[in-house]
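Engineer: Generate coordinates for the sequence data below:
(chains A and B)
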Amino acid sequence: MIRLAALLFLTWLPAAHAQLTVEITGAGAQRIPIAIAPFAGEKALAPGISTIVRTDLERSGLFRGLELPPIVPEPTEATTINYPEWRARLADALLVGSVQARPDGRYEARFRLYDVVKQQPLGGVAYTLGKEQLRATAHRIADFVYEKLTGEKGVFSTRIAYVVKRGNRYELQIADYDGAAAETALASFEPIISPVWSPDGKRLAYVSFENKKPVVYVHSLLDGKRHVVANFKGSNSAPAWAPDGSRLAVVLSREGGSQLFLINADGSGVRRLASSTAIDTEPRFSPDGQWIYFTSDRGGSPQVYRMPANGGEPQRITFEGSYNVSPRISPDGKTIAYISRNAGKFQVALLDLSNRQVQILTDSDRDESPSFAPNGRMILLATVINERGVLSAVSADGRVKQRLSATAGDVREPAWGPFTE
Amino acid sequence: MRAILISLTAASLALLGACATQEQKPAAEAPVESATKPGATPQAVKPAPPVARVEPGKPAGSPFAALKDPNNILSKRQIFFDYDKFEVKDEYKNMVEAHAKFLRENPSAKMLIQGNADERGSREYNVGLGQRRSDTVKKMLTLLGAREDQIESVSLGEEKPICGDHTEGCWAKNRRGDMLYSGEY
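Structural biologist: Prediction:
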């Protein structure tokens, strides 16, 4: 049964416009078995909503979609549920629904979720949608199911940013969390690196080399307008948003070396945050805004440090190994993902701040740019497979690994966006 | 004034020489390294003859023409660095000195130094490594008499490799500083 499920999953095909495809290369041990019945009438909209919901849930590593024989008549959200029958199919949960065409050309999608073990309904929603909202609607249904059954918010409606390099062309793209519906926010013949989402998900800060040197920009995704935040003499790089979205930490070389500064999001009010003779870079605010974690080679090799967000004495955070860079704090502030070099391999490591335990999460060897999902469950990263840059994701417990591969080009610099309404 | 400048220059060079040799193994003479590791130091450095050419007043035309003359050391712009190292190796000192002289003698000339790193590791940390390299070259030029405001040192990190393979031979070419004059970037 499990083998069959795996095979079916591998043959899942992405929508025609998807830039990235997902393969699960590992799976969590304890997954919630859920029966997702095909939504009655969903064939009118391809791919079927139930297929997208199932893919979402399985991709989280926390769910296992059960194989179902054809059920006649097709169950809908209005069907009376025979709990023992679904229990006999080993389902802990059941999702049923329907899609109906409306006279105005739009569609109505309804669903209902059941706890088969407790034999009780967990709620449902009805949506009116146009054809182009099919995926977004399915992701919202998956978020509903995920939250009801795990108690945590799902990330299926969130977006990611990343950079694709094709030849000498660089594109900053925004896509759904699964790589579908990719749009280009910026195309350039010079490199683009270090995109970071503003806390409200409406803007991206990034570094562009279009002026033959690194300059920090903030780009509004609503109107496509952008402005320079830091273009001082020397290099301007490594932007990080403060949790309130009003300021950024950046790295400037205008006073020599690579040093940490704070600057308002409109480019005003620059002030130096720290002073060292080392390279201080890759700042990140802790979610509570109290700390800035950063990379520094002040101790002779690059390591992760943190300092109070308004300046103060830095403390070293990583000690194992001679190359620990690119710190990212989990949304709950309890762990740090970073890139660690182990025997020549660059891999994603996770440090538990309470007990200082370090776990290596990946088995790839050229990992870069880890980025937490806003619920902290998964970490998106860039790696290299067959000499090509690809995105992959690993669960924060290291059990689920996925690969998102673009159809062409090198993909790098992923950044997982925040929850948005 | 001239004498002061020259003695300052000499003292600076001695200082830089002292700094640079500090971390260099005595056995690691540059020519040996380039012979054993092809590609590690791809820019052969010629003994610097024609600096005199750029002297103003000569009928050769604009002093800036020397920057493009392949027979002039001023046409040499690339400095390659050892792994995790930032000091300018001895083999490039004549070149850097010639550029410092050019900047001194042409106060309107402006230079952009782009530092680069190889592809390994974090992109942003590599921006830092490239910056350290370009800052080193800038410091050397200013110690040799170029004005601080004539030079901007920046980093392109690992983003602009001139060699695309994932080998030490390529990485050595990508750990470099490029000196560009206004109009060239």
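Engineer: which bits of the stretch 151-300 of chain A sit near chain B?
Structural biologist: A:191, A:193-194, A:207, A:209, A:212-214, A:233-235, A:237-238, A:251, A:253, A:256-258, A:279-282, A:295, A:297 (C-beta under 8 Å from any C-beta of the partner chain). C-beta: built from backbone N, CA, C; applies to glycine.
Engineer: What about the residues you listed, which are in strands?
Structural biologist: Under the assignment DSSP state E, these contribute A:I193, A:S194, A:V207, A:S237, A:A238, A:V251, A:D280, A:T281, A:E282, A:T295 to strands.
Engineer: Wait, the second one touches A:V207, no?
Structural biologist: The reference is to A:S194. Yes - using C-beta atoms under 8 Å, A:S194 is in contact with A:V207, at 4.7 Å.
Engineer: Show me whatever sits in contact with both of those two.
Structural biologist: Common contact partners of A:S194 and A:V207 (C-beta atoms under 8 Å, 6 or more residues apart in numbering or on different chains): A:S237, A:A238, A:P239.
Engineer: For A:S50, which three-state class applies?
Structural biologist: helix (DSSP: H, G, I helix; E, B strand; the rest coil).
Engineer: What score does B:Q24 have for pLDDT?
Structural biologist: Here, the pLDDT recorded for B:Q24 equals 33.
Engineer: Can you name the residues that contact A:V196?
Structural biologist: A:V196 neighbours (C-beta under 8 Å, 6+ apart): A:L204, A:A205, A:Y206, A:P239, A:A240, A:W241, A:A415.
Engineer: and if we set it to 10 Å?
Structural biologist: A:161, A:203-207, A:218, A:238-241, A:248, A:284, A:371, A:413, A:415, A:417 (C-beta atoms under 10 Å, 6 or more residues apart in numbering or on different chains).
Engineer: backbone phi and psi for A:D115, please?
Structural biologist: The phi/psi pair for A:D115 (degrees, to the nearest 10) reads phi -90, psi 110.
Engineer: Hmm, it is touching A:A35, no?
Structural biologist: No - using C-beta atoms under 10 Å, A:D115 makes no contact with A:A35, being 11.9 Å away.
Engineer: shared neighbours of the two, which are they?
Structural biologist: With C-beta under 10 Å, 6+ apart, A:D115 and A:A35 have common neighbours A:D92, A:A93, A:L94.
Engineer: Same list, those residues, but as a markdown table with pLDDT and neighbour count please.
Structural biologist: Converted to a markdown table, these look like this (pLDDT from 0 to 100; neighbours: other C-beta atoms under 10 Å in any protein chain shown):
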| residue | pLDDT | neighbour count |
| --- | --- | --- |
| A:D92 | 97 | 20 |
| A:A93 | 98 | 23 |
| A:L94 | 97 | 25 |
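Engineer: Can you report how many residues lie near B:Q114?
Structural biologist: Taking other C-beta atoms under 10 Å in any protein chain shown as the criterion, the count of residues near B:Q114 is 27.
Engineer: before we move on, back to that, restricted to strands, list the shared contacts of A:D115 and A:A35.
Structural biologist: A:A93, A:L94.
Engineer: The stretch 1-150 of chain A: helices as residue ranges?
Structural biologist: For the stretch 1-150 of chain A, applying DSSP state H, counting those that start in this stretch gives helices covering A:2-10, A:49-59, A:83-88, A:134-150.
Engineer: so can I have CSV of the ones you listed showing mean neighbour count and mean pLDDT?
Structural biologist: As requested, the helices of the stretch 1-150 of chain A are exported to CSV (neighbours: other C-beta atoms under 10 Å in any protein chain shown; pLDDT from 0 to 100):
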stretch, mean neighbour count, mean pLDDT
helix A:2-10, 11, 29
helix A:49-59, 24, 94
helix A:83-88, 14, 95
helix A:134-150, 21, 97
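Engineer: Now do whatever helix or strand A:P327 lives in: distance to the chain's middle.
Structural biologist: A:P327 belongs to strand A:324-329 when assigned by DSSP states H and E. Put simply, strand A:324-329 sits 16 Å off its chain's centre (C-alpha atoms, centre = their mean, to the nearest Å).
Engineer: Show me what that strand is packed against.
Structural biologist: strand A:280-285, strand A:291-296, strand A:303-308, strand A:335-342, strand A:345-352, strand A:368-372, strand A:378-385, helix B:123-143 (3 or more C-beta pairs under 10 Å, 6 or more residues apart in numbering or on different chains; DSSP states H and E).
Engineer: To A:L62, which of the ones you listed lies closest?
Structural biologist: strand A:378-385 (10.4 Å; C-beta to C-beta).
Engineer: angle of the closest one against strand A:368-372?
Structural biologist: With axes from the mean of the first three to the mean of the last three C-alpha atoms, to 10 degrees applied, the angle from strand A:378-385 to strand A:368-372 works out at 160 degrees.
Engineer: And the lowest mean pLDDT element among the helices and strands of chain B?
Structural biologist: helix B:30-36 (a mean of 30; mean pLDDT, DSSP states H and E).
Engineer: Tell me which helix or strand comes right after that helix.
Structural biologist: Counting by DSSP H and E, what follows helix B:30-36 is strand B:78-80.
Engineer: now for that next one, which elements pack on it?
Structural biologist: helix B:93-105, strand B:111-116, helix B:123-143, helix B:168-174, strand B:176-181.
Engineer: buried ones in stretch A:260-278?
Structural biologist: A:L260, A:F261, A:L262, A:I263, A:A265, A:G267, A:L273, A:A274, A:A278 (16 or more other C-beta atoms under 10 Å in any protein chain shown).
Engineer: give me the beta-bridge partners of the third one?
Structural biologist: Judged by DSSP bridges, the bridge partners of A:L262 are A:A249, A:R271.
Engineer: Verify the stated contact: it with A:I292.
Structural biologist: Yes - taking C-beta under 10 Å as the definition, A:L262 is a contact partner of A:I292 at 9.0 Å.
Engineer: Give me the common contacts of those two.
Structural biologist: Both A:L262 and A:I292 are contacted by A:A240, A:A242, A:A249, A:L273, A:P283, A:A309, A:N310, A:G311, under the criterion C-beta under 10 Å, 6+ apart.
Engineer: That'll do, ta.
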